[in-house]
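Undergrad: Fold the following, please.
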Amino acid sequence: MIQPDTGGANGTYNEAGAANYANQWAKSHNPAYRTFPDDCTNFVSQAMAAGGKGQTPSWYYNSNGQSGSWINANNLASWLYSDSPNAIFETEWGPNQAYNAQTPSTIWKGDVLFYEWNPGDLKMDHASMQEIGYGYDGQSGLYGSLVDTHTDPHYGAIWSLWPWNASVNTTYYYLYHINSRLSRFRVRRRPRRAGLA
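TA: Below you'll find the model as predicted:
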């Protein structure tokens, strides 16, 4: 049984620990956790927990089940926006920024990126974790900010996933900073497009 992690509430989120977990399990599945057909958010939640993000009654995983926010991208984004004191929405990018090499300087390793494949529904469809601010993506041959993700599994992929994203010309991106040491001093902003609770 995986016990709730009580870390992360007082500035203890370990970005490197989260990113290292994502690196380790990007191309496989940790047998300590259940897997799901759409496993991207489950994977990101595991990495956040590995970084010390504390579980709560609305974001949790245990032997009996898990919250919707643990396994659903839109629910996780809503939880980070509304219920997590240790995360802050940083910025929203549109399709015209998909080919930028890097994410903004305020997005670090261990932070979470959400993807809205279908802009008409105003819901997050996918999640990934940034693992390095600038590097080489051996899968696409591109240089830039890199992420790890499941469904499909990618290790060190360019942040926008545009080489594999058939909807790259319509995708919107929502970038969340998880480091609680800064979020308490920041004004909480709301994504303009996403229908978050």
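
Undergrad: Could you measure from the spatially most central residue of the chain over to Ala22?
TA: In the chain, the residue lying closest to the centroid (Cα atoms, centre = their mean) is Val112, at 2.7 Å. Computed as Cβ to Cβ, to the nearest Å, the Val112 to Ala22 distance reads 10 Å. (Each C-beta comes from the backbone N, C-alpha and C, glycine too.)

Undergrad: try Tyr60
TA: Going from Tyr60 to Ala22 by Cβ to Cβ gives 19 Å.

Undergrad: Neighbour count: these two, which is higher?
TA: Between Tyr60 and Ala22, Ala22 has the larger neighbour count (other Cβ atoms under 10 Å), namely 28 against 19.

Undergrad: that older thread, which residues touch the residue nearest to the centre of the chain?
TA: Shown in contact with Val112 (Cβ atoms under 8 Å, 6 or more residues apart in numbering): Val44, Met48, Leu76, Leu80, Ala87, Ala127, Ser128, Met129, Gln130, Leu175, Tyr176, Ile178.

Undergrad: PyMOL command to pick out the buried ones of those?
TA: To isolate the buried members of the contacts of Val112 in PyMOL, using 16 or more other Cβ atoms under 10 Å:
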select buried, resi 44+48+76+80+87+127+128+129+130+175+176+178
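
Undergrad: Just the ones of the contacts of Val112 in helices?
TA: Val44, Met48, Leu76, Leu80 (DSSP state H).

Undergrad: CSV please, covering these and showing distance to Ala101 and pLDDT.
TA: Putting the ones in helices among the contacts of Val112 into CSV (distance: Cβ to Cβ, whole Å; pLDDT from 0 to 100) gives the following:
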residue, distance to Ala101, pLDDT
Val44, 22, 98
Met48, 25, 96
Leu76, 26, 96
Leu80, 25, 92
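
Undergrad: buried residues in stretch 152-172?
TA: By neighbour count with 16+ other Cβ under 10 Å, stretch 152-172 contains the buried residues 153-162, 168, 171-172.

Undergrad: first vs last residue of that stretch, how far apart are they?
TA: In stretch 152-172, first residue to last residue: 18 Å (Cα to Cα, to the nearest Å).
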